[in-house]
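**Q** Sequence plus the predicted model coming up.
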Amino acid sequence: MTRKTPADLRSARWFAPDDLRSFGHRSRMMQLGYGEEDFRDKPVIGILNTWSELNTCHSHFRERAQDVKRGVLQAGGFPVEMPALSIDESNIKPTSMLYRNMLAMETEEMIRCHPLDGVVLMGGCDKTTPGLVMGAISAGVPMIYLPAGPMLRGNYAGKFLGSGSDAWKYWDERRAGNISDTEWQGVQGGIARSAGTCMTMGTASTMTAIADAMGLTLPGASSIPAVDSNHQRMSATCGRRIVEMVWEDLTPDKIINAGACRNAAVVAMATGCSTNAVVHLIAMARRAGVPMQLEELDELGRETPLIANVRPSGKDYLMEDFYYAGGLRALMKQIESRLDTSCMTVTGKTMGENLEGAEVYNDDVIRPLSNPVYKEGSLAVLKGNLCPSGAVIKPAACDPKFHVHEGPALVFDNYPDMKKAVDDETLDITPDHVMVLRNAGPLGGPGFPEWGMLPIPKALIKQGHRDMLRLSDARMSGTSYGACVLHMAPEAYIGGPLALLKTGDIIRLDLPNRTLDMLVDEEELAARRAALVLPEPRFQRGWGWMFSRHVTQADQGCDFDFLQSDFGRTTGEPDI
Ligand code: FES
Ligand code: MG
């Protein structure tokens, strides 16, 4: 391997020449109190920090950035911490997904326009992982991903609580009148009790596992709890390692290839991943020139056993237990034969080398292949006359009696109408009904909100029902569960066939055969199509305007049409 010399550094273009422009750059670094010996001839490492006081999952990131800096300095680099858009799930309305691409654009452009030789990407809360990674792939400088790590297990009255999952569960019990206000408040105070991301296998844990399996984190880094001192040491190691990666010129195109993307998908399936993984993985892969398709993910969903016994797909455990059981390295060791172990990683070693010596310490948490939680079924992709471009469902997280189901549709055009109906105890509905919410996709939502786990109507809750078949063009939280068909594409708002559905139409789901249809004849559908009036795009200005004109549909990853190119290859920088 040929190592870079100081003269080869990207930052040398800013700091080395003896001209007026470089004089300006150098004198401004000196304004910060640095001497030339601090930043010249050294890898300049951008620490992209998605900290904010409203991002409750990243509250430890200000301190962690100091650990990264320590590592960078130890290895002879020059660290610069830079704030990046902090997209949190906890407080953003209408949905954080509206801003994933904004973070991706910001990441790419911040790297592109600054004298950075390499970057440490600090993220974790759902959209921050794909946003940072997509942008950094397109920017193309060496990068290492520093996952925020899961928060500690929730705890209330001697019971463990899982992020999201237990909130929905206790909410249903509260609506059924089974728990008191005091208990409900106890759950509120106990369900999120440390820094870190949701500690179920929700979208955050799924996406950081995906980054890990793609080879973008230190091996197993995604499993370390946020407040464990191992997390601080991992952060310092990221700092040391990125400096070496710069000298080695270990750029993302040497790490992310079709094998790495497939590894990420296999690992996602084995963990019982969030359905959101589909959208983000496709978007990330396409930034790296890997044309990942829904069909490939369905195939991997069929053949990969789910071996992480972590809620919501697993029954018993949470991410903290997963870490103590050996974490992601141990899980990957179990499925090593299904992985492309020749893939390069940020360590400069192959995935196979990184997995050497990994062990499972609790085989009830990380199951052997001979005793999986489910033999298959983390994710399935459906097609049919309701979703010609696809839809997804999480078979492992729903009552099996809905795997083959026929029932009448109850259709809602918007969230407020649906919300009102589910709270109406006199609602005329049976457990066989199929609840449908439309106009909740990428353009309809807008921004593709997580509304897909439609609440079970109170009328059914009171009768003891806790699951029913639900359809939407929305996403759902990775911590959600139930017989929910999601991401129906094309979405209703742009005239997808879901827009033609009427209350009372019979819907048929056949999960084993991967079909989802409305049993309405062609002639009738054609008449409804002719009468359909499409709504105007929602935004007159601003980010929403740009989003609604360029976002792709769910099956394409919801990236902007003008950003999906191999490692950002279509853009050119002027040589100034
Ligand atoms: Fe941040 Fe769940 S809210 S990871
Ligand atoms: Mg989430």
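**A** Yep, that arrived. Numbering: from 1, shown residues only. Ligands and ions are numbered 1, 2, ... in the order given.
**Q** who's in contact with stretch 282-295?
**A** 130, 133-134, 137-138, 210, 214, 252-253, 256-258, 261, 265, 278, 281, 297, 381, 390, 392, 555-559, 563-568 (C-beta atoms under 8 Å, 6 or more residues apart in numbering). Bear in mind the C-beta positions are built from the backbone N, C-alpha and C, glycine included.
**Q** Let me know the pLDDT of K169.
**A** Per-residue confidence (pLDDT) for K169: 89.
**Q** measure it to ligand 1 for me?
**A** 16 Å (C-beta to the nearest ligand atom, to the nearest Å).
**Q** could you pick out which of the contacts of stretch 282-295 are near ligand 2?
**A** Among those, none lies close to ligand 2 by the criterion of C-beta under 5 Å from the ion.
**Q** which among these end up buried?
**A** Neighbour counting with 16 or more other C-beta atoms under 10 Å marks 130, 133-134, 137-138, 210, 214, 252, 256-258, 261, 265, 278, 281, 297, 381, 390, 392, 555-559, 563-564, 567-568 as buried within those.
**Q** So which of those residues sit within strands?
**A** 381, 390, 392 (DSSP state E).
**Q** which residues touch the first one?
**A** For V381, the contacting residues are 278, 294-295, 297-298, 301, 390-392, 514, taking C-beta under 8 Å, 6+ apart as the criterion.
**Q** From these, which land in helices?
**A** 278, 294-295, 297-298, 301 (DSSP state H).
**Q** Quickly check those residues for the two that are furthest apart.
**A** V278 and E295 (11.5 Å; C-beta to C-beta).
**Q** one step back: of the contacts of V381, closest to ligand 2?
**A** V278 (14.2 Å; C-beta to the ion).
**Q** separation between that closest one and T203?
**A** According to C-beta to C-beta, to the nearest Å, V278 stands 11 Å off from T203.
**Q** contacting residues for whatever residue of the stretch 301-450 of the chain ends up closest to ligand 2?
**A** The stretch 301-450 of the chain approaches ligand 2 most closely through E450 (6.7 Å), counting by C-beta to the ion. Contacts for E450 (C-beta under 8 Å, 6+ apart) come out as 95, 97, 474-477, 480.
**Q** wait, doesn't T206 sit right on V279?
**A** No. With contact defined as C-beta atoms under 8 Å, T206 does not reach V279; the gap is 11.3 Å.
**Q** ok but G46 is inside a strand, no?
**A** Yes. According to DSSP: H, G, I helix; E, B strand; the rest coil, G46 belongs to a strand.
**Q** Just give me the neighbour total for it.
**A** Applying other C-beta atoms under 10 Å, we find 26 residues neighbouring G46.
**Q** which secondary structure elements does the helix or strand of the chain with the lowest mean pLDDT contact?
**A** The helix or strand of the chain with the poorest confidence is helix 165-175; it has a mean of 90 (mean pLDDT, DSSP states H and E). Counting contacts by 3 or more C-beta pairs under 8 Å, 6 or more residues apart in numbering; DSSP states H and E, helix 165-175 is packed against helix 181-190, helix 458-461.
**Q** Can you get me the centre-to-centre distance for the first one and its chain?
**A** Right, helix 181-190. 28 Å (C-alpha atoms, centre = their mean, to the nearest Å).
**Q** Show me what counts as buried in it.
**A** For helix 181-190, by 16+ other C-beta under 10 Å, it's 186-187, 190.
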